[in-house]
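Colleague: My questions are about this predicted structure, shown below with the sequence.
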Amino acid sequence: MQDINKVMGEAIIVTMPLVIYLAANRPSMTLIELYYSDICMNCHYVRNQIIEVLPEGVMFKEINVTSIEGAERAKQLGIEEVPSITINGEVVLIGRVEKGEIQEELEEFL
């Protein structure tokens, strides 16, 4: 697990386990999660699409489904395919998606 935080513009990109702390202390903050696999080319594409449209005040977390924790979390949400995107714990997009689709889903949660 990594504890690396990166700030891109005003968006916050967080990797485990720090995201749990931030989410608990910022309950109004929107959290977008990307469930991915290292060998999935569509996952890398979708990651880049998310980063390009990530608005201010939205946390972004990547969850590798090949890790034990990632696989357990994906199973809890019923995720069987990658890439899958959740917003605030709700699965909203599955598969290769474009920026516009991600933006439309985010608008419903902001």
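Modeller: Structure received.
Colleague: Got the phi and psi for the residue most central in space within the chain?
Modeller: Nearest to the mean C-alpha position of the chain, counting by C-alpha atoms, centre = their mean, stands Glu33 at 1.8 Å. The phi/psi pair for Glu33 (degrees, to the nearest 10) reads phi -120, psi 140.
Colleague: Now do it against Val91, distance only.
Modeller: Here Glu33 is placed at a distance of 9 Å from Val91 (C-beta to C-beta, to the nearest Å). For every residue, glycine as well, the C-beta is placed using N, CA and C.
Colleague: Give the intersection of the neighbour lists for these two.
Modeller: Ile85 (C-beta atoms under 8 Å, 6 or more residues apart in numbering).
Colleague: Next, Val97: phi, psi?
Modeller: Residue torsions, per degrees, to the nearest 10, at Val97 are phi -130, psi 160.
Colleague: What is the neighbour count of it?
Modeller: Residues lying near Val97 (other C-beta atoms under 10 Å) number 19.
Colleague: I'd say it and Arg47 touch.
Modeller: No: assessed by C-beta atoms under 8 Å, Val97 is found out of contact with Arg47, at 11.2 Å.
Colleague: so what sits against both of these two?
Modeller: Pro83.
Colleague: And the lowest mean pLDDT element among the helices and strands of this structure?
Modeller: strand 5-8 (a mean of 43; mean pLDDT, DSSP states H and E).
Colleague: Any figure for the gap between Ile102 and Gln49?
Modeller: Taking C-beta to C-beta, one finds Ile102 at 6 Å from Gln49.
Colleague: Please apply the same query to Glu101.
Modeller: 9 Å.
Colleague: same deal with Lys99?
Modeller: 5 Å.
Colleague: In three-state terms, label Val82 for me.
Modeller: At Val82 the chain is in coil, as set by DSSP: H, G, I helix; E, B strand; the rest coil.
Colleague: Make 159 the first number, not 1, from now on.
Modeller: Understood, numbering begins at 159; the last thing we discussed is Val240.
Colleague: Tell me the spacing between it and Pro213.
Modeller: 23 Å.
Colleague: So the two - more neighbours on which side?
Modeller: The residue with more neighbours, out of Val240 and Pro213, is Val240; 23 against 14, by other C-beta under 10 Å.
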